[in-house]
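[1] here's a sequence, model it:
(chains A, B, C and D)
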There are 2 protein chains.
Amino acid sequence: MTPVAHIVDDDPAVRDALQWLLRSRDVSSETWDSGEVFLHAATSDLFGCCLLDVRMPGMSGIELFDRLRTTQCRIPVIFLTGHGDVPMAVKALKDGAFDFVEKPYDDNALVDKVLSAFAHDERRNARAESIQQVRQRLAQLTQREAEVMQRILSGKLNKVIADDLGIAMRTVEVHRSHIFEKMQVRSAVELSQLLGILPENRDV
Amino acid sequence: MTPVAHIVDDDPAVRDALQWLLRSRDVSSETWDSGEVFLHAATSDLFGCCLLDVRMPGMSGIELFDRLRTTQCRIPVIFLTGHGDVPMAVKALKDGAFDFVEKPYDDNALVDKVLSAFAHDERRNARAESIQQVRQRLAQLTQREAEVMQRILSGKLNKVIADDLGIAMRTVEVHRSHIFEKMQVRSAVELSQLLGILPENRDV
DNA sequence: CTGCCTATTGTGGATTTCCGCAAACCGCGC
DNA sequence: GCGCGGTTTGCGGAAATCCACAATAGGCAG
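    You can find the predicted model right below:
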């Protein structure tokens, strides 16, 4: 999939200038004349980055950013602003914005930032895809299998797990084998590594 | 260990005001009158946060920040500046600064930020300590043991590892047992989880 | 009611892991 | 040279895993 720079600005001249600039370096872009329009059209599978004007009539770039984050969209966002505002920039970045650029911007530097955001999004998507895949496999596990898996990951022996759940060792073995099959791994080590990529297991 | 706010500012009045403010909310602080002095005294085991004035004669807060990062010091840094400068704020934050505050600042909000930075540093230290511990254990492994461990983590069976390294299975078993002992784990699963916290194994 | 899924258990055997006991070789430092 | 640590290997047994074959039982949808 080709990355696209989504330009959201109320000023047609700014949109066109940006699009022209990006095209000059072979960067695909789409333009939107308001946050509302973009938000309506934006699906969660956008790929590339956003260039948001901070100050727009109606929904501001900041508000649009908030709305995007409260949905599932994690596309990198580069803010463009004509009014130097340090607190706003700080808040935006701490909230996860990719960059915050003052106008007038340096043409080359801005395109570089866009390309950098593209690269960032590519890594993010790859990671998200892996996570999604793992979650899909996890979802296939039955309740009981999940219970057994949790104990396998605690390093417990089948015998202990059996005692733990009050069932026969043989049953644990069957569950274990089903777990490996559904999770598409061949050992407990692989299983542990597979689950290691999930955010909820990375809070050490 | 008690967290300390390290105040670096060339203006004695500012230092005192900050220290007084922090003390009023039971926050310990130390003051330094220049980046050079602080950098000289700063060890890597600082705990708390830094409050750096951006504009100082001699070494600027920004430069001090850079110097801290090029050493091993990862203490959270809050910048204080009287001159709103968006690009500088953006760069500082993207380089890992904890916050960037314009003067005049809101007293309560600033202390809150300091406390937030303390909490952040506490988590960071706990994590760093775990990582340090794991690295210490890893360092105890011999070359051969490291080779075997790597293959264990690939989920290979002892038999395969033996073929792989051209040695007897019994030898692999011995190495395996030494590895578990030195790494202080009792199964390959635990080993995998232990190594999962290392940054170099989290790049999935 | 029948078929499918889930959970459960058993038997028995092949494979693997884990470990104590024993021993050999090598390189390095005292 | 002697000791120490690292690497290597063998033997043999206890414990655990893996797996095919087989069977029982409850729940639920068609």
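
[2] quote the end-to-end distance of stretch A:52-63.
    Start and end residues of stretch A:52-63 are separated by 10 Å (CA to CA, to the nearest Å).

[3] buried set for that stretch?
    A:52-54, A:56, A:59-62 (16 or more other CB atoms under 10 Å in any protein chain shown). (Each C-beta comes from the backbone N, C-alpha and C, glycine too.)

[4] likewise stretch A:77-86?
    Counting neighbours by 16+ other CB under 10 Å, stretch A:77-86 gives A:77-81, A:85-86 as buried.

[5] pLDDT score assigned to the residue in chain A sticking out farthest from the centre?
    For chain A, the largest distance from the centre (CA atoms, centre = their mean) belongs to A:Ala168, which lies 42.3 Å off. A:Ala168 is assigned a predicted lDDT (pLDDT) of 94.

[6] contacts only, for it.
    A:Ala162 (CB atoms under 8 Å, 6 or more residues apart in numbering or on different chains).

[7] returning to that earlier point: which one of the buried residues of stretch A:52-63 is nearest to A:Asp107?
    A:Asp53 (16.6 Å; CB to CB).

[8] list the contacts for the closest one?
    A:8-11, A:14, A:61, A:79-81.

[9] once you drop chain neighbours, what's closest to the residue of chain A found nearest DNA strand D?
    Proximity to DNA strand D, evaluated over chain A using CB to the nearest atom of the strand, is greatest for A:Asn158 at 3.2 Å. Spatially, and ignoring its direct neighbours in sequence, A:Asn158 is nearest to A:Val172 (4.7 Å; CB to CB, 6 or more residues apart in numbering or on different chains).

[10] what do you get for A:Leu18?
    Nearest one to A:Leu18, counting by CB to CB, 6+ apart, is A:Ile7 at 5.0 Å.

[11] so which elements touch whichever helix or strand A:Asp66 is part of?
    Following DSSP states H and E, one finds A:Asp66 within helix A:61-70. With contacts defined as 3 or more CB pairs under 8 Å, 6 or more residues apart in numbering or on different chains; DSSP states H and E, the packing partners of helix A:61-70 are helix A:35-41, strand A:48-53, strand A:77-81, helix A:86-94.

[12] pick the most deeply packed of the ones you listed.
    Comparing those by mean neighbour count (mean count of other CB atoms under 10 Å in any protein chain shown), strand A:48-53 comes out on top with a mean of 26.

[13] for chain A, what spans make up the strands?
    A:4-8, A:29-32, A:48-53, A:77-81, A:99-102 (DSSP state E).

[14] which one of those strands lies closest to A:Ser154?
    Nearest to A:Ser154, of the strands of chain A and by CB to CB, is strand A:77-81 at 40.1 Å.

[15] neighbouring strands - and their directions - for the closest one?
    strand A:48-53 (parallel), strand A:99-102 (parallel) (DSSP bridges).

[16] looking only at pLDDT, what's the mean for the first one?
    What that stands for is strand A:48-53. On average, strand A:48-53 scores 96.

[17] got the CA positions of stretch A:194-204 in CSV?
    The C-alpha trace of stretch A:194-204 is given here as CSV (Å, rounded to 0.1, in the frame of the first residue of the first chain):
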residue,chain,number,x,y,z
LEU,A,194,4.7,-14.6,20.6
LEU,A,195,2.8,-13.1,23.5
GLY,A,196,5.7,-10.9,24.4
ILE,A,197,4.9,-8.6,21.6
LEU,A,198,1.5,-7.7,23.1
PRO,A,199,1.4,-4.3,24.8
GLU,A,200,-0.3,-5.8,27.9
ASN,A,201,2.7,-8.2,28.4
ARG,A,202,5.3,-5.5,27.9
ASP,A,203,4.7,-3.5,31.1
VAL,A,204,7.7,-5.0,33.0
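
[18] can you pull the buried residues of it?
    Counting neighbours by 16+ other CB under 10 Å, one finds that the buried residues in stretch A:194-204 are A:194-197.
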